[in-house]
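Enquirer: Below: sequence and its predicted model.
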Number of protein chains: 2
Amino acid sequence: MKTEGKFIALTGGVGGAKLASGLAAVLAPEQLLIVANTGDDFEHLGLTICPDLDSVMYALAGINDSRRGWGVKHESWQFLDALKQLNGETWFQLGDRDLATHVMRTHMMAGGSSLSQATLRLTEALGVRHRLVPMSDQTIRTFVKTAQGELPFQQYFVAQRCEPVVTGFHFDGAEQAGVQADLARWLGDEQLCGVIICPSNPFVSVDPILALPGLRTTLAAMEIPVLAVSPLIAGRTIKGPAAKMMAELDMPRDSLGVAQHYLGLVTQFVLDEADAALAPAIQALGMQTLVTPTLMRTARDRQALAHTLVDALS
Amino acid sequence: MKTEGKFIALTGGVGGAKLASGLAAVLAPEQLLIVANTGDDFEHLGLTICPDLDSVMYALAGINDSRRGWGVKHESWQFLDALKQLNGETWFQLGDRDLATHVMRTHMMAGGSSLSQATLRLTEALGVRHRLVPMSDQTIRTFVKTAQGELPFQQYFVAQRCEPVVTGFHFDGAEQAGVQADLARWLGDEQLCGVIICPSNPFVSVDPILALPGLRTTLAAMEIPVLAVSPLIAGRTIKGPAAKMMAELDMPRDSLGVAQHYLGLVTQFVLDEADAALAPAIQALGMQTLVTPTLMRTARDRQALAHTLVDALS
């Protein structure tokens, strides 16, 4: 691999964060813009919490807890324990170390910083050299439509453990929001070689980004490839409710279903070797396919996948 | 001791918190109103922090760290460590457990609760049966006048470790503030037997309370006794800068100096056995004196002193 081109990665939390850190290992800082979903963000106890942005930031900084799959390593839970004693809301797990991020960000934003500015200061403090930005500096909130009515995302995801049956999604504020400034600039950069949709939940991690005004049509109209990595392997997700959602939405619960979801946008679809048999059906949708190991257990796995993607786009 | 009368205790942090917990051990909840100084309160990282109120609350709940002298026992410092990594402000020590108090209070007050209401909810959650209130529900901020100019209290106290030479004090907002509602009501209660000024710093713990409009004149005009416990033993404080301040203000650096400071207000002055020789001079100021052990090392010490005071006032 030898490229000086630029790449944009669109990502949610855990799975996307792994690929983002792989891309950061194989690309120079000036070659990569990582754009995180902010539809999961919410206000909790007066703090602005950005789960996907933080998962990616911690992964890029090498301080994520890879065993637990979220949050910071060497975490402790004294704050939460004391909060419980005070009859505070403890349904959302706030670790003592993680809390520093939320307090700092909330304080910076109360002082007038944008989410992009706050993110830049936090990532720089953690020694992250690659640029990580929120998808927008305006507030967008994902709501999950269920048989029980519309639930705010964290209510569905954490408090109700993804149990309600999903019927659809709503990205509140997306229509009034603007695409983050760096993302808008990079989309017009002639050195841009490709856009990578990370193996994140299509409905609640990627679609909120694509819901930003004009973004989907801009991406679809570009001459450069838009590549998506399937978050499913053999019909299952590594983590998260994507497969469960697909079943509830009456979609094929596999990588073909994911490819169909991205129809008209994605030009290259990456699927795991375990799903090689699906490649012809995906090609029939008009997408190129790339069959490769997509499970990222180790740093080597992450970098290998990143290499493969960058090679395919260069 | 057998009294059904009511008592008001005016207090700052550490030393006052000890006596407050002693009084709570010997008086029924309906007999005691504990009023804490809020001049030390400040905003830090977007959180409303009330050091004296919290010291008293933790002492009443039995969860104060008596060895360190402030904060919560079994405290940990992971938040502060992570904050340092994020280049956040770490000059003020925020423990992981203590932080739950500040986050809860700030969140309640952002939602419209008064400081009194927030304090009531926090103390109730901690099982505190006696009533603890801030001196006022309006913002009052203590500034320390020094050779280097006026410093916000925590800047002087924590960041500069009480090193600047003190020339005076200023209680910003006191003139526009109102006396807390329960305090105002109790001052008019005919069952009130006495007001106890705890062994707290006269300048920065007690004077901010006395600076509330009308409070000092109300207390001085009442027929019930106003009792003060000297925070000095043999010219030294157990903790805090009171003695250093007295020297810098050219006052006698002993309990006589404290008594002189309270002239015209206090009718009964309590001093330690080590200072018995000062009693005649204090009596000459027109105050009754009570010489008794005032050092509170144990719960038994705290309760013994509380008993002695209540007996003297009943």
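Expert: Structure's in. What do you need?
Enquirer: rest of the way, CA atoms for contacts and neighbours
Expert: Noted.
Enquirer: neighbours around A:R161, how many?
Expert: For A:R161, the count of nearby residues is 12 (other Cα atoms under 10 Å in any protein chain shown).
Enquirer: oh, I was asking about A:S230
Expert: By other Cα under 10 Å, 24 other residues sit near A:S230.
Enquirer: buried stuff in stretch A:90-98?
Expert: A:94-98 (16 or more other Cα atoms under 10 Å in any protein chain shown).
Enquirer: Could you do stretch A:167-180 as well?
Expert: For stretch A:167-180, the neighbour count (16+ other Cα under 10 Å) marks A:167, A:169-174, A:177-180 as buried.
Enquirer: what do you get for stretch A:156-165?
Expert: For stretch A:156-165, a neighbour-count test (16+ other Cα under 10 Å) marks A:156-157, A:162, A:164-165 as buried.
Enquirer: A:H170 looks like it's in a strand, true?
Expert: Yes: under DSSP: H, G, I helix; E, B strand; the rest coil, A:H170 falls within a strand.
Enquirer: Please name the nearest non-neighbouring residue to it.
Expert: Nearest residue to A:H170, sequence neighbours excluded (Cα to Cα, 6 or more residues apart in numbering or on different chains): A:F143, at 5.0 Å.
Enquirer: so which two of the buried residues of stretch A:90-98 are the farthest from each other?
Expert: Using Cα to Cα, the pair of the buried residues of stretch A:90-98 lying farthest apart is A:L94 and A:R97, separated by 8.5 Å.
Enquirer: Could you show which parts of the stretch 1-150 of chain A are in contact with chain B?
Expert: A:45-46, A:75-76, A:78-83, A:85-88, A:96-101, A:103-104, A:106-107, A:110, A:122, A:125-126 (Cα under 8 Å from any Cα of the partner chain).
Enquirer: Buried subset of the residues you listed, written for PyMOL?
Expert: A single PyMOL command selects the buried members of these (16+ other Cα under 10 Å):
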select buried, chain A and resi 45+46+75+76+78+79+80+81+82+83+85+86+88+96+97+98+99+100+101+103+104+106+107+122+125+126
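Enquirer: What pLDDT is listed against the closest residue to chain B within the stretch 201-314 of chain A?
Expert: Nearest to chain B in the stretch 201-314 of chain A, going by Cα to the nearest Cα, is A:A299, at a distance of 23.5 Å. pLDDT for A:A299: 95.
Enquirer: need the contact list for the nearest residue to it once chain neighbours are set aside.
Expert: With Cα to Cα, 6+ apart as the criterion, A:A299 has its nearest non-adjacent residue at 7.0 Å, and that residue is A:G22. By Cα atoms under 8 Å, 6 or more residues apart in numbering or on different chains, the contact set of A:G22 is A:299, A:302-306.
Enquirer: Equivalent analysis for A:Y58, please.
Expert: Neighbouring residues of A:Y58 by Cα under 8 Å, 6+ apart: A:64, A:71-72.
Enquirer: just checking, it is part of a strand?
Expert: No: counting by three-state DSSP, A:Y58 is not part of a strand but helix.
Enquirer: quick one: it and chain B, what's the gap?
Expert: According to Cα to the nearest Cα, to the nearest Å, A:Y58 and chain B sit 12 Å apart.
Enquirer: And for A:A177?
Expert: Remark: distance between A:A177 and chain B (Cα to the nearest Cα) = 26 Å.
Enquirer: Now that residue: closest residue in space that isn't a chain neighbour?
Expert: A:Q138 (5.4 Å).
Enquirer: which SS state does that neighbour fall under?
Expert: Applying three-state DSSP: A:Q138 is coil.
Enquirer: What is the burial count for A:R300?
Expert: The tally of other residues near A:R300 (other Cα under 10 Å) stands at 12.
Enquirer: Now it: which helix or strand?
Expert: A:R300 belongs to helix A:299-313 when assigned by DSSP states H and E.
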